[in-house]
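In: when you get a sec, could you give me coordinates for this:
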Amino acid sequence: MNAKASSRARGTVTERGPLAVDMHVGARVRMRRRFLGISQQSLAAQLGITFQQVQKYERGANRVSASKLYEVACALNTPVTYFFEGLADPLAGTGEPKQVQALEQSIGAFLQSSEGVELASMFARVDRPRTRRMILDLVRTLADEENGED
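Out: Below is the predicted model of the structure:
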């Protein structure tokens, strides 16, 4: 990654297009909203904005101001810090290894879908370790078949 791309990933370059931090915050807004089962329309009404604005926040197309992020946190009953969880600490240097970043992106994508939220919720209700392993084996098999691995 070149210096300009690295700087952009940290959110310090002001070129066109969403910055990584804006996209991360937006994805966390979407994940929390979906987890709570709140529609974009309902969240927008609580915030006094249009649902299109919520969509833009969630995509990272528009930045969420500090005051609006505070309102979002209140509406979604979560601390403001929730929206920054998973971002590399800018004072810690290079951040997480690429494998950890890839895993976090996969988990984030999973939890952004309504099926992912429901599956995670239902899986947490399964108490028996053997049954959990069977479910995991089933999902692995399906994923391998989907990706052409046999």
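In: mind checking pLDDT for residue 86?
Out: In this model, residue 86 is scored at 82, pLDDT.
In: I meant residue 72, not that one.
Out: Residue 72 is given a pLDDT of 96.
In: any idea which helix or strand carries residue 21?
Out: helix 20-36 (DSSP states H and E).
In: and after that helix, which helix or strand comes next?
Out: helix 40-47.
In: which helix or strand in this structure has the lowest average pLDDT?
Out: Here the helix or strand of the chain ranked lowest by mean pLDDT, DSSP states H and E is helix 3-10, holding a mean of 45.
In: quick revisit: off-centre distance for the helix holding residue 21?
Out: In terms of CA atoms, centre = their mean, to the nearest Å, the gap separating the centre of helix 20-36 from the centre of its chain is 5 Å.
In: for residue 86, which non-adjacent residue is spatially closest?
Out: residue 104 (5.3 Å; CB to CB, 6 or more residues apart in numbering). C-beta: built from backbone N, CA, C; applies to glycine.
In: how many other residues sit next to that neighbour?
Out: 15 (other CB atoms under 10 Å).
In: any idea how far it is from residue 76?
Out: 20 Å (CB to CB, to the nearest Å).
In: same question, residue 130
Out: 36 Å.
In: the two: which is more packed in?
Out: Between residue 130 and residue 76, residue 76 has the larger neighbour count (other CB under 10 Å), namely 20 against 8.
In: which one is the more buried one nearest to, not counting chain neighbours?
Out: Closest residue to residue 76 apart from its sequence neighbours, by CB to CB, 6+ apart: residue 32 at 4.7 Å.
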